[in-house]
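Engineer: Output the structure for:
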Amino acid sequence: MERKEFINEKEPEIHGDAKWYRDNLVERMRHAYMKIDGSYDWPNSEEGDLLRLTRQMLVVMDQEQQN
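Structural biologist: Residues are numbered from 1 along each chain as shown. As a prediction, the model looks like this:
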């Protein structure tokens, strides 16, 4: 059986600015997973592991830019 929902999907618009993607990732993670005390409540799943790793990568990138 053919999966028709994927036939008409368009590629999202690509922004050439890495800062745009970084800022959007940070804002979406804060909105969806940040707790009131500033810590994050990641899902206990493979997706949660990827989100946690992505957040750690963003923190490292911030530290590198400061140096």
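
Engineer: remind me which residues of the protein are low pLDDT?
Structural biologist: Within the chain, the ranges that satisfy pLDDT under 70 run 1-12.

Engineer: Select the longest helix from it.
Structural biologist: helix 46-66 (DSSP state H).

Engineer: buried set for it?
Structural biologist: Taking 16 or more other Cβ atoms under 10 Å as the basis for neighbour counts, the residues of helix 46-66 that come out buried are 51, 55. Yep, even glycine has a C-beta here, placed from its N, CA and C like the rest.

Engineer: Packing partners of it?
Structural biologist: In terms of contacts (3 or more Cβ pairs under 8 Å, 6 or more residues apart in numbering; DSSP states H and E), helix 46-66 is packed against helix 18-33.

Engineer: what's in contact with the helix it packs on?
Structural biologist: Around helix 18-33, the neighbours that count as contacts under Cβ atoms under 8 Å, 6 or more residues apart in numbering are 15, 40, 41, 42, 51, 54, 55, 58, 61.

Engineer: Just the angle for that helix relative to helix 46-66, thanks.
Structural biologist: The directions of helix 18-33 and helix 46-66 differ by 130 degrees, with axes from the mean of the first three to the mean of the last three Cα atoms, to 10 degrees as the criterion.

Engineer: Residue 40: neighbouring residues, count only.
Structural biologist: Counted with other Cβ atoms under 10 Å, the neighbours of residue 40 add up to 14.

Engineer: typo on my end, it should be residue 42
Structural biologist: If you count neighbours by other Cβ under 10 Å, residue 42 ends up with 17.

Engineer: what do you get for residue 41?
Structural biologist: The number of residues packed around residue 41, counting by other Cβ under 10 Å, is 10.

Engineer: My guess is it contacts residue 35. True?
Structural biologist: Yes: counting by Cβ atoms under 8 Å, residue 35 is a contact partner of residue 41 at 5.3 Å.
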